[in-house]
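J.: Sequence first, then the predicted structure, then my questions.
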Amino acid sequence: MRAVQVSEYVKGPLDLQVTTVPTPTPSPDKYLIEIHSAGTNFFDILQIQGKYQHQPPLPWVGGAEFAGTVAAVPTAGGSSRFKVGDRVFGATQGAYATHVLAPEQALLSVPTGWSFEDAAGLFVTAPTSYGGLVHRAGVQAGDWVLVHAAAGGVGLAAVQVAKARGATVIATAGTPRKREIARQFGADYVIDYRGRAWPDQVKKLCAAHRSGNGAAGVDIVYDPVGMIDASLKCVAWNARLLVIGFAAGQIEKVALNRVLLKNVSIVGLHWGQYARFETETVAAVWQGIFDLVAQGKFKGTAFKDESFVGLESVPRALQALGGRETWGKVVVNVVGNEKAKSRL
Ligand SMILES: NC(=O)c1ccc[n+]([C@@H]2O[C@H](COP(=O)([O-])OP(=O)(O)OC[C@H]3O[C@@H](n4cnc5c(N)ncnc54)[C@H](OP(=O)(O)O)[C@@H]3O)[C@@H](O)[C@H]2O)c1
């Protein structure tokens with residue numbers, strides 16, 4: 001098979017190369033998947049540089065998220081949830097390749113009517129945002145939700161989940177194009193958060209459109225960037241602030257007196273660990289997401305301003321992602337655009 005194999009750590013994505021390596025043989029306990037599309041993640045960039053928390057022994061194939069078809073079921077027999085030809089998406093080490101072996105718990109069925117391109121970006125972002133907003137912050141109809149980096153991968157998922165639950169969304173993003181995208185995915189208000197004035201803008205919106213407790217600020221903050229401290233300036237009594245990530249690169253420190261004074265909760269979410277500590281919630285979260293998909297309230301967020309076709313485009317895709325140039329999920333269509341975008 002062809003794959004972006006890492007034999008030694010590289011300085012950056014543009015040093016990656018596509019090579020030919022043996023196609024994995026069907027395994028006793030894993031499915032062999034023919035990959036159609038691969039989703040990119042910032043941690044892929046860290047991993048190829050040797051800077052990620054999970055570094056398999058060299059050599060290994062880069063990438064984690066994928067969508068494709070089942071080429072072979074586990075050879076040990078027993079009951080298999082998927083059969084040859086099924087359209088699946090999931091995540092495991094080695095998605096920047098034409099084939100990968102994946103265990104059953106790392107696979108889900110591509111929703112009806114979804115392309116491989118859209119499904120390849122679903123496995124990480126959708127449950128992070130749904131789990132955070134619904135299970136951790138208890139979002140309800142009538143809530144106001146502030147979504148930071150709203151045009152990013154988890155951000156666009158959060159905008160859609162919050163809207164689907166009947167909330168009003170204030171979205172922040174760093175460029176006009178990203179704010180336009182956040183609006184297209186349902187945000188009610190958009191704000192440029194690159195300056196210092198944005199908490200005042202949030203407060204003004206709440207004062208103008210909300211009454212009672214809500215006039216002081218938002219009920220929920222969804223933060224994948226590291227902006228909890230500044231966000232505490234524009235939250236209502238009893239607000240919940242979700243710590244999702246630190247895209248800005250700093251693990252921030254928060255003045256805890258504000259947490260007390262505003263009677264708020266700061267809530268973390270580590271989606272990857274739910275499979276270990278809380279498997280029943282994993283099933284509930286995915287059911288919730290698939291319900292929203294079936295109701296037409298959650299759609300794919302594949303970045304469309306540039307096309308990444310074939311494994312040779314993985315370096316450029318990762319460079320664009322790392323350069324903060326993109327929105328939504330940056331997806332590489334491994335088998336070519338036509339097949340990857342097919343919704344059959
Ligand atoms: N807690 C969990 O379980 C979980 C799960 C998935 C992801 N995450 C984390 O969530 C964060 C976002 O993930 P994602 O997939 O949405 O990433 P992404 O698609 O790359 O989006 C990140 C966004 O952060 C904003 N940003 C602000 N400062 C930045 C900086 N210095 N460099 C780059 N981007 C910056 C950018 O938006 P603007 O240009 O508009 O500012 C960018 O669109 C990451 O830290 C990731 O590790 C956590």
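T.: All right, it came through fine.
J.: Could you give the average pLDDT over the helix or strand harbouring residue 180?
T.: Using DSSP states H and E, residue 180 sits within helix 176-184. When pLDDT is averaged along helix 176-184, the result is 98.
J.: How about stretch 144-164?
T.: Mean pLDDT, stretch 144-164: 98.
J.: So what would you say the end-to-end distance of that stretch is?
T.: With CA to CA, to the nearest Å as the measure, the first residue of stretch 144-164 is 13 Å from its last.
J.: That one close to the ligand?
T.: Yes. Stretch 144-164 reaches the ligand (CB under 6 Å from any ligand atom) through 149, 151, 152, 153, 154, 155. Bear in mind the C-beta positions are built from the backbone N, C-alpha and C, glycine included.
J.: contacts for the helix or strand hosting the fifth one?
T.: Per DSSP H and E: residue 154 is located in helix 153-164. Contacts of helix 153-164 with the rest of the structure, by CB atoms under 8 Å, 6 or more residues apart in numbering, involve 41, 121, 124-126, 128-130, 132-134, 139, 143, 145, 147-150, 169, 171, 173, 181-182, 185-187, 220, 222, 224, 244-245, 292, 295, 297-299, 301, 327-329.
J.: ok, the closest residue to the ligand within the stretch 51-200 of the chain - contacts?
T.: Residue nearest to the ligand within the stretch 51-200 of the chain: residue 152 (2.5 Å; CB to the nearest ligand atom). Contacts for residue 152 (CB under 8 Å, 6+ apart) come out as 224, 247, 327, 328.
J.: Please apply the same query to residue 201.
T.: Residue 201 neighbours (CB under 8 Å, 6+ apart): residue 191.
J.: how close does the closest residue to residue 244 other than its chain neighbours sit to residue 331?
T.: Among residues not flanking residue 244 along the chain, residue 224 sits closest, at 4.2 Å (CB to CB, 6 or more residues apart in numbering). For residue 224, the distance to residue 331 equals 19 Å [CB to CB, to the nearest Å].
J.: And these two? Which one has more around it.
T.: A count of neighbours by other CB atoms under 10 Å puts residue 331 above the other of residue 224 and residue 331, at 29 against 25.
J.: and that one, what does it touch?
T.: Residues counted as contacts of residue 331 (CB under 8 Å, 6+ apart) are 37-40, 117-118, 120-121, 302-303, 308, 317, 340.
J.: ok, which pair from those is furthest apart?
T.: Greatest spacing in those, by CB to CB: 118 and 317 (15.6 Å).
J.: The ligand contacts on the stretch 101-250 of the chain?
T.: Counting by CB under 6 Å from any ligand atom, the stretch 101-250 of the chain comes close to the ligand at 124-125, 128, 149, 151-155, 173-174, 178, 224-225, 244-249.
J.: for the protein, what are the low-confidence residue spans?
T.: The model of the chain has pLDDT under 70 over residues 344.
J.: let's go with 90 and repeat that
T.: Of all residues in the chain, those with pLDDT under 90 make up the ranges 53-54, 77-80, 255, 325, 336-344.
J.: list the helices and strands the longest helix anywhere in the chain packs on?
T.: In the chain, assigned by DSSP state H, the helix with the most residues is helix 279-294. Packing partners of helix 279-294 (3 or more CB pairs under 8 Å, 6 or more residues apart in numbering; DSSP states H and E): helix 125-130, helix 153-164, helix 274-277.
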